[in-house]
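> Give me the fold of what follows.
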Amino acid sequence: MASTDTTTTEDAAVKDAAQDLAGLEAGLDALDAVRVSRTPVRQVLVQKVLPPVAAIALVLVVWQILIWAKVTDDYKLPSPSQVWDEVSDAWAQGTLLDYIWTSVSRGLFGFLLALVIGTPLGLLVARVKVVRAAIGPVLSGLQSLPSVAWVPPAVLWLGLNDKMMYAVILLGAVPSIANGLVAGVDQIPPLHLRAGQTLGATGLRGTWHIVLPASLPGYLAGLKQGWAFSWRSLMAAEIIASSPDLGVGLGQLLEQGRETSSMSMVFLAIFLILIVGIAIDLLIFSPLERWVLRSRGLLVKN
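Numbers count the residues shown, from 1 in each chain. This is a model prediction of the structure:
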């Protein structure tokens, strides 16, 4: 009889513990649960659109004030209206979009090539000690080398053609992508790797399901830097290497402005280069970064 009472008491204790655990889990779930609501359009305009528009307006006002104050000669600092006339002329002639597309297509294609080469190279350097000891310092040195230094040898090796442009982009972007992935892999907690191996995620399967997802923050930073190096390398190549066969990109447009002493054309090229760089970041890398942060619970909409 006593044994039966003891068993009943133990069962009740187990049930109470299970209920307490369930209640604790429910409480934790409630803490993690976030009520997602659609952001009002007015709030989006105020928080996202208004600040950059106000900043651009302020720059234009200061720029126009400098023109009115005649702080320098007109041929050194064109007015906003002169630059706008340059935009209108290029648009009327149908060349404005051609300038942009020539450079953007080269830059994106070269970056994709760098991505295909830099990703396996970064994994190899990160996972194989002998390869890291041999190639790691070389990648760091190449990353610190100005990309403009590769333009003269690329012209001599490949000639004035698109191959030369892509070679300069690759030499500028591949080290950044590879080093970014190496840094991301180095930041993975060893416990995650051991847990993956215990579950059978080894070799290529472990690389795909464990290493790459865990190294995404560092890898994404390397991709952003790789794009920046791609774009800068391309502009350097277009400025130095000019040929009718290459077409007219933004770098060639900038060089044409210098050769003709047209500061309005120079400013137009500079603004277009900036706009493309900002647009690529906002349309591609910022959404990727938000997705990575949100998947790790670091970015939550309330």
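> what residue ranges in the protein score low on pLDDT?
1-41, 44-49, 192-193, 196-197, 199-207, 209, 297-302 (pLDDT under 70).
> So which residues of it form strands?
Counting by DSSP state E, the chain has no strands at all.
> what's the neighbour count on residue 113?
17 (other CB atoms under 10 Å). To be clear about C-beta, it is placed using only N, CA and C from the backbone, and glycine gets the same treatment.
> these two touch, right, it and residue 167?
No. With contact defined as CB atoms under 8 Å, residue 113 does not count as touching residue 167 (9.9 Å).
> Spit out the contact partners of the residue most central in space within the chain.
Centroid check for the chain by CA atoms, centre = their mean gives residue 224 as the closest residue, at 2.4 Å. Contact partners of residue 224, counting by CB atoms under 8 Å, 6 or more residues apart in numbering, are 281, 285, 289.
> What's the PyMOL syntax to select whichever of those residues are buried?
Buried residues among the contacts of residue 224 (16 or more other CB atoms under 10 Å), as a PyMOL selection:
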select buried, resi 285+289
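> Now distance to residue 130 too, for the contacts of residue 224, in CSV please.
Shown next, in CSV, are these (distance: CB to CB, whole Å):
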residue, distance to residue 130
281, 37
285, 33
289, 33
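> Out of the contacts of residue 224, flag the one nearest to residue 118.
Residue 118 lies nearest to residue 285 out of the contacts of residue 224, by CB to CB, at 15.6 Å.
> Now that closest one. Nearest residue, chain neighbours left out?
residue 224 (5.1 Å; CB to CB, 6 or more residues apart in numbering).
> measure the one you found to residue 281 for me?
As judged by CB to CB, to the nearest Å, residue 224 and residue 281 stand 7 Å apart.
> again, but for residue 106
In terms of CB to CB, residue 106 sits 18 Å off from residue 281.
> again with residue 110
To residue 281, residue 110 is 17 Å away according to CB to CB.
> and what of residue 248?
When residue 248 is compared with residue 281 (using CB to CB), they lie 24 Å apart.
> Same question for residue 235.
Distance, residue 235 to residue 281, using CB to CB: 16 Å.
> what's the answer for residue 213, then?
Look at residue 213 and residue 281: by CB to CB, they are 23 Å apart.
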